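Novice: Let's see this in three dimensions:
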Amino acid sequence: MSSQPNSYTDSNSQHTGGVPPQQDVPQQGLPQQSVPQGGDPSGNGHRSAPEDPARQSLLNVRAEVGKAVVGQDPTVTGMLIALLCGGHVLLEGVPGVAKTLLVRALSTALSLDTKRVQFTPDLMPGDVTGSLVYDSHSSEFTFREGPVFTNIMLADEINRTPPKTQASLLEAMEERQVSVDGVSRPLPSPFIVAATQNPVEYEGTYPLPEAQLDRFLLKLTMPLPGRAEEIEVIRRHASGFDPRNLAAAGVRPVAGAAELSAAQAAVAHVAVAPEILAYIVDVVRATRSAPSFQLGVSPRGATALLNTSKAWAWLSGRTFVTPDDVKALSLPCLRHRVGLRPEAQMDGIQVDDVLGSILASVPVPR
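Specialist: Residues are numbered from 1 along each chain as shown. Have a look, this model is predicted:
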């Protein structure tokens, strides 16, 4: 396996999934590095971004979420990157690693509305998007909004509902609107879907089709906590921590829609050199010719890698993207957009291993 950092894990950190508290990157893919303070080490004339209140507010969000969630800093950073890019996140982890708690704490720290939907085999599309309801008083049909009308929608165990209901989210995820009875209704802004799935229990599930997986900006894996982190979890509960009462845990709003909008505008101005653009394309094209893959990354995946690299560079305090930013985001951005060949699966080859080898073999711009 390649020595390159695993998207949300870091070679410089002792944390199991990535970002050191309050100053690093996301998870299994994002490197764990301190936020740079100086100029461009390559000497190409770029400078680090000046101190930005919007950036500081978003960095403070991780500290707030940490009051409720232990050991998932990389995932929190990945969620922030998704919000900065206006993209959706697929969270994968066994039950009990605080996926729901993380989303609730994040929405509280950002003053955003969140709604949770438990996806089950009998869930209907109208249960997600909303439906027309007959009003006996007015003798008319009125539209009743579904839980998708929120800022962060938690689609819990999305692979347990049939494809028809899964597909009801496609328009919302791509167009930021819902169409019912020929009328399009815009969703609130910001809007992202945070969908969860269990990586070990597949009985009675409906795997997400490639077209829907490609709509997710990032796939973040939430590992089990390390021993010290699990002791801290138990200590908090022994001291009276109630995961249903975030206010009592001290989680408070430290940013809002205004800061998020300002941050998105700043990310849009992050510079990307032509050599970095070519590097992104080379990484993506390499997935299409990898012997272990039967499905490579589409141009949408290349765009996602570009946008998330810009967001991470900005969060790191820079106004330019480096090859390390691209490497950091490659696993969470690409792992769900590729498909292993059956023979590779039989040999026990993992997607992240193949992506790591590709990152090690594609020439890095100097």
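Novice: Surely residue 131 is within a strand?
Specialist: Yes - Residue 131: assigned to a strand according to DSSP: H, G, I helix; E, B strand; the rest coil.
Novice: what about it, neighbour count?
Specialist: By other CB atoms under 10 Å, 16 other residues sit near residue 131. (Glycine included, C-beta is placed from N, CA and C.)
Novice: going forward, begin numbering at 35 instead of 1
Specialist: That works, and once the first residue is 35, the last one we named lands at residue 165.
Novice: contacting residues for it?
Specialist: Neighbouring residues of residue 165 by CB atoms under 8 Å, 6 or more residues apart in numbering: 177, 178, 180, 214.
Novice: what does residue 212 give?
Specialist: 163, 164, 180, 182, 183, 205, 206, 218, 219, 221.
Novice: Then residue 104?
Specialist: Counting by CB under 8 Å, 6+ apart, residue 104 has contacts 132, 259, 263, 266, 267, 270.
Novice: Over whatever helix or strand the fourth one lives in, what's the mean pLDDT, rounded is fine.
Specialist: In other words, residue 266. Assigned by DSSP states H and E, residue 266 falls within helix 261-272. Summarised as a single mean, pLDDT over helix 261-272 is 93.
Novice: Packing partners of that helix?
Specialist: Helix 261-272 is packed against no helix or strand, with contacts defined by 3 or more CB pairs under 8 Å, 6 or more residues apart in numbering; DSSP states H and E.
Novice: right, and the helix or strand after that helix?
Specialist: Next along from helix 261-272, by DSSP H and E: helix 291-302.
Novice: next SSE after that following helix?
Specialist: For helix 291-302, the following helix or strand on the C-terminal side (DSSP H and E) is helix 308-323.
Novice: Which ones among the contacts of residue 212 map onto strands?
Specialist: The members of these that map onto strands under DSSP state E are 164, 218, 219.
Novice: among the contacts of residue 165, which ones are buried?
Specialist: For the contacts of residue 165, a burial check counting by 16 or more other CB atoms under 10 Å picks out 180, 214.
Novice: In TSV: the contacts of residue 165, plus pLDDT.
Specialist: As requested, the contacts of residue 165 are exported to TSV (pLDDT from 0 to 100):
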residue	pLDDT
177	88
178	89
180	92
214	85
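Novice: ok, the contacts of residue 165 vs residue 313, which is closest?
Specialist: residue 180 (41.5 Å; CB to CB).
Novice: quick one: that closest one from residue 201, how far?
Specialist: Between residue 180 and residue 201 the distance is 14 Å, computed by CB to CB, to the nearest Å.
Novice: swap in residue 366?
Specialist: Per CB to CB, residue 366 is found 24 Å from residue 201.
Novice: Over to residue 313?
Specialist: Separation of residue 313 from residue 201 (CB to CB): 35 Å.
Novice: Looking at these two, which is more packed in?
Specialist: Neighbours were tallied for residue 313 and for residue 201 using other CB under 10 Å; the higher tally belongs to residue 313 (23 against 13).
Novice: residue ranges with poor pLDDT in the stretch 185-334 of the chain?
Specialist: 235-236 (pLDDT under 70).
Novice: again, only using 80
Specialist: 233-238 (pLDDT under 80).
Novice: same question, the stretch 35-184 of the chain
Specialist: For the stretch 35-184 of the chain, the stretches with pLDDT under 80 are 35-85, 170, 173.
Novice: Where do the strands of it begin and end?
Specialist: Ranges of strands in the stretch 35-184 of the chain, per DSSP state E, counting those that start in this stretch, are 122-126, 148-152, 164-169, 174-179.
Novice: can I get the CA coordinates of stretch 170-189 in PDB?
Specialist: Extracted C-alpha coordinates of stretch 170-189, given in PDB (Å, rounded to 0.1, in the frame of the first residue of the first chain):
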ATOM      1  CA  SER A 170     -61.400  19.500   3.900                       C
ATOM      2  CA  HIS A 171     -61.900  23.100   5.000                       C
ATOM      3  CA  SER A 172     -60.800  24.800   1.700                       C
ATOM      4  CA  SER A 173     -61.700  21.800  -0.400                       C
ATOM      5  CA  GLU A 174     -58.300  22.100  -2.100                       C
ATOM      6  CA  PHE A 175     -55.100  20.100  -2.200                       C
ATOM      7  CA  THR A 176     -52.200  21.800  -0.400                       C
ATOM      8  CA  PHE A 177     -48.500  20.900  -0.400                       C
ATOM      9  CA  ARG A 178     -47.100  19.600   2.800                       C
ATOM     10  CA  GLU A 179     -43.300  19.800   2.900                       C
ATOM     11  CA  GLY A 180     -41.300  16.700   3.600                       C
ATOM     12  CA  PRO A 181     -38.200  16.500   5.800                       C
ATOM     13  CA  VAL A 182     -36.000  17.300   2.700                       C
ATOM     14  CA  PHE A 183     -36.900  21.000   3.300                       C
ATOM     15  CA  THR A 184     -34.100  21.700   5.700                       C
ATOM     16  CA  ASN A 185     -30.400  22.700   5.700                       C
ATOM     17  CA  ILE A 186     -28.800  19.400   6.600                       C
ATOM     18  CA  MET A 187     -30.900  16.300   6.000                       C
ATOM     19  CA  LEU A 188     -29.700  13.200   7.700                       C
ATOM     20  CA  ALA A 189     -30.700  10.200   5.600                       C
END
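Novice: Cool, thanks, signing off.
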